[in-house]
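*Asks:* here's my sequence, what's the structure:
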Amino acid sequence: MAEILKSAIIGETTSRIISSVMGKDEEKADISENIERLELAHIKMEAALHMSNKWQISDMPLLRWRSKLKRAAQECDSTLRQCKQRAIEEEEINQRMSQSSLPKRIAHATKSLVSSFIPFGNDESIKTSAIVRRFERFADGANEFLKFVEFGGTPKQYTFFSPLTSHLFEGKSLRYHLSQGTKFYYFAIRPMCFAERGVEAMIGFVSLDFKAPTKGFSLSVMLRLSESTDIFGVIIKCMQSVTPHFKFAAEDVKRELIQLPAQDFSLLPRTPYSESDYWGNIHNTITQWCRPNPLCCNELEHNFTASSISKKTALSSSSRLLSDIFPEEVIVVHLQCHISLSNRHKTRQCSVTATEIGNFMHPLKLGILFIPHDSPEDIHPAVESYALEVIDETEQETIHKNACLQDLDGIFLPKAADYLYQNAESRMYQMCLKSRHGATHLCVEKISTEIQSRLRRKAGRYSSNGRVIQKQDNRLEQWKQVARDLLKMWVVRTSDKLQGSIRSWTAITKLP
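*Replies:* Model (predicted):
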């Protein structure tokens with residue numbers, strides 16, 4: 001009898017071990033369901049809190065209710081993050097075990113089985129279910145909270161942060177341009193409205209001096225708008241986030257931006273959000289490419305989560321996530337400027353002739369593309385970020401793991417300048433920095449003597465005529481140049497579809 005009982009126990013234990021080895025589909029389903037329920041509960045609380053901000057609440061019970069709902073939303077977000085992290089860790093363990101030998105898999109399953117016999121072993125799943133139900137109760141109560149707010153509160157007479165923002169929400173585009181001798185300034189904002197993305201704006205700011213072309217800059221920014229958006233403030237924050245080699249250009253952008261006469265901005269006479277297919281295609285292509293998920297890094301998550309608040313107070317360029325460095329509403333930033341080679345480059349001895357030095361000892365053209373919400377899929381789970389180098393469109397073999405924006409500026413950019421100085425035949429040096437959330441693409445290229453001479457001739461011709469080229473022609477050429485410079489970015493080169501779209505933008509002869 002004892003032998004029969006012993007055999008039965010061993011058989012049952014073996015069966016459970018083998019079952020555990022073959023997979024834990026039911027457990028995975030439970031984790032996935034809990035994550036989905038938490039996400040829905042968090043969305044409901046987030047929506048209720050956002051809508052309540054549009055009402056003036058003076059009743060103390062309602063204020064306490066809102067405060068409690070805020071804390072619950074914060075706790076729910078934190079719990080959701082922990083559940084997702086635990087699911088990732090469990091998946092990594094399962095993947096490692098699936099690649100292990102059968103004895104190791106049986107040993108791991110046996111350990112899990114023994115743990116399940118311990119009295120407190122199943123408490124965790126019970127606690128998780130209880131926690132999920134608690135947040136669901138808060139989420140269900142959020143609807144009642146909104147009803148009381150609407151009944152006892154007063155709607156806010158909301159005013160836009162500035163008349164500029166109100167015009168954009170009416171679907172009107174804004175434009176400003178000024179020609180002074182050999183100088184040209186252009187600033188424009190073009191809003192677009194999407195059912196799934198809300199209102200977004202594409203901003204262009206150009207400062208040119210045809211007499212000293214290396215002193216100008218070109219800035220393109222795309223961002224999501226809200227009623228409280230301070231557009232100039234967001235751009236300035238972006239400029240404060242750029243790396244030291246771009247600081248002088250960032251200072252120029254901030255100085256020129258502040259001096260723009262908002263009262264002279266022109267409103268384009270068009271019906272709300274009525275744009276040509278040309279500009280609609282450009283905006284849609286860029287926003288889908290740079291921020292596929294418009295709900296990532298949502299504003300409430302940044303405001304309520306304690307961990308994100310602590311991160312915001314300690315941000316630096318050493319952060320490996322660009323989404324931690326730039327304002328959340330920013331979709332893409334493209335800045336172009338010029339830098340001069342340092343004195344140490346000019347005085348360094350190298351094996352080139354004086355004629356060769358004269359051919360390429362000119363300022364370098366820099367272009368940097370920030371995509372704070374890009375989510376690359378080619379990052380190894382054990383690596384937080386990586387950087388690679390591309391010389392004359394040839395990708396280098398070395399991959400720099402766990403690099404950050406500070407490395408891009410402090411190590412790779414000087415390295416690129418050195419390389420271009422020492423190799424007269426090379427024209428372009430590019431760098432790509434990708435993190436789990438956010439990417440940066442840098443392009444350094446030489447300016448040929450021929451191009452500089454042509455710009456000087458233009459400057460002399462415009463000075464003698466007392467005017468700059470016609471505005472339409474200047475805007476068209478400037479836009480084509482921005483598109484051509486985008487084509488040089490390695491991230492564009494690696495996508496045939498994206499490259500084809502951008503090439504089509506340069507085929508026009510007149511801007512819509």
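
*Asks:* what stretches of the protein score poorly on pLDDT?
*Replies:* The chain contains residues with pLDDT under 70 at 1-29, 94, 96-126, 156-161, 243-245, 269-275, 298-320, 340-362, 448-474, 512.

*Asks:* now do the strands in it.
*Replies:* 55-56, 154-155, 174-180, 183-194, 198-209, 217-224, 266-267, 330-339, 364-371, 385-391, 394-401, 428-435, 439-446 (DSSP state E).

*Asks:* so for C83, which of those sits nearest?
*Replies:* Among those, the nearest to C83 by Cβ to Cβ is strand 428-435 (22.8 Å). Yep, even glycine has a C-beta here, placed from its N, CA and C like the rest.

*Asks:* give me the residues contacting the closest one.
*Replies:* 320-322, 374, 376, 378-379, 384-393, 403-405, 407-408, 412-413, 416, 419-420, 439-446, 488-491 (Cβ atoms under 8 Å, 6 or more residues apart in numbering).

*Asks:* 6 Å instead?
*Replies:* 320-321, 376, 385, 387-392, 403, 408, 412, 416, 419-420, 440-445, 490 (Cβ atoms under 6 Å, 6 or more residues apart in numbering).

*Asks:* enumerate every residue touching the spatially most central residue of the chain.
*Replies:* Central residue of the chain (Cα atoms, centre = their mean): P372, 1.6 Å from the mean position. The contact partners of P372, by Cβ under 6 Å, 6+ apart, come to 322-323, 326, 330, 438.

*Asks:* distance to R190 and neighbour count for those residues - can I get that in a markdown table?
*Replies:* Shown next, in a markdown table, are the contacts of P372 (distance: Cβ to Cβ, whole Å; neighbours: other Cβ atoms under 10 Å):
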| residue | distance to R190 | neighbour count |
| --- | --- | --- |
| L322 | 24 | 25 |
| S323 | 24 | 21 |
| F326 | 21 | 26 |
| V330 | 16 | 25 |
| G438 | 25 | 25 |
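
*Asks:* turn those into CSV, columns for distance to S276.
*Replies:* Converted to CSV, the contacts of P372 look like this (distance: Cβ to Cβ, whole Å):
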residue, distance to S276
L322, 32
S323, 32
F326, 29
V330, 25
G438, 31
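
*Asks:* which of the residues you listed sits closest to F135?
*Replies:* So of the contacts of P372, ranked by how close each gets to F135 (Cβ to Cβ), first place is S323, at 25.0 Å.

*Asks:* wait, doesn't that closest one sit right on R436?
*Replies:* No: using Cβ atoms under 6 Å, S323 is not in contact with R436, being 9.3 Å away.

*Asks:* and the helices in the stretch 151-300 of the chain?
*Replies:* When secondary structure is read from DSSP state H, counting those that start in this stretch, the stretch 151-300 of the chain shows helices at 163-169, 231-240, 247-259, 277-290, 299-304.

*Asks:* state the distance from the closest residue to L40 other than its chain neighbours to E46.
*Replies:* Nearest in space to L40, with sequence neighbours left out and distances taken as Cβ to Cβ, 6 or more residues apart in numbering, is A139 at 7.2 Å. Distance from A139 to E46, counting by Cβ to Cβ, to the nearest Å: 10 Å.

*Asks:* higher neighbour count, those two?
*Replies:* Between A139 and E46, counted using other Cβ atoms under 10 Å, the more crowded position is A139 (24 against 21).

*Asks:* sorry, back to before: out of the helices of the stretch 151-300 of the chain, the one nearest G216 is which?
*Replies:* Short answer: helix 247-259, nearest of the helices of the stretch 151-300 of the chain by Cβ to Cβ, at 8.5 Å.

*Asks:* next one: that closest one to chain centre, how far?
*Replies:* Offset of helix 247-259 from its chain centre (Cα atoms, centre = their mean, to the nearest Å): 22 Å.

*Asks:* tell me the angle of it relative to strand 198-209?
*Replies:* With axes from the mean of the first three to the mean of the last three Cα atoms, to 10 degrees defining the directions, helix 247-259 sits at 110 degrees from strand 198-209.

*Asks:* just checking, what packs against helix 247-259?
*Replies:* Contact here means 3 or more Cβ pairs under 6 Å, 6 or more residues apart in numbering; DSSP states H and E; on that basis helix 247-259 packs against strand 217-224, helix 231-240.

*Asks:* can I get these in JSON lines with distance to D496 and mean neighbour count?
*Replies:* Below are the helices and strands packed on helix 247-259 laid out as JSON lines (distance: least, Cβ to Cβ, whole Å; neighbours: other Cβ atoms under 10 Å):
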{"stretch": "strand 217-224", "distance to D496": "23", "mean neighbour count": "22"}
{"stretch": "helix 231-240", "distance to D496": "30", "mean neighbour count": "18"}
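
*Asks:* with distance to I258 added, can I get the ones you listed in CSV?
*Replies:* Converted to CSV, the helices and strands packed on helix 247-259 look like this (distance: least, Cβ to Cβ, whole Å):
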stretch, distance to I258
strand 217-224, 14
helix 231-240, 8
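
*Asks:* closest one to C193 among the ones you listed?
*Replies:* Across the helices and strands packed on helix 247-259, the minimum distance to C193, taken as Cβ to Cβ, is reached by strand 217-224, at 11.1 Å.

*Asks:* for that closest one, give me every contacting residue.
*Replies:* Residues from elsewhere that reach strand 217-224 (Cβ under 6 Å, 6+ apart): 200, 202-207, 235, 249, 252-253, 329-337.

*Asks:* on that earlier part again, D230: which of the contacts of P372 is nearest?
*Replies:* V330 (12.6 Å).

*Asks:* quickly list what the closest one is bridged to.
*Replies:* In this entry, V330 is beta-bridged to L223, by DSSP bridges.

*Asks:* max-length helix in the protein?
*Replies:* Ranked by residue count and defined by DSSP state H, the top helix of the chain is helix 60-98.

*Asks:* can you pull the contacts of L146?
*Replies:* Neighbouring residues of L146 by Cβ under 6 Å, 6+ apart: A48.

*Asks:* picking that back up, what about the residue nearest to the centre of the chain, distance to T128?
*Replies:* Taking Cβ to Cβ as the measure, P372 falls 33 Å from T128.
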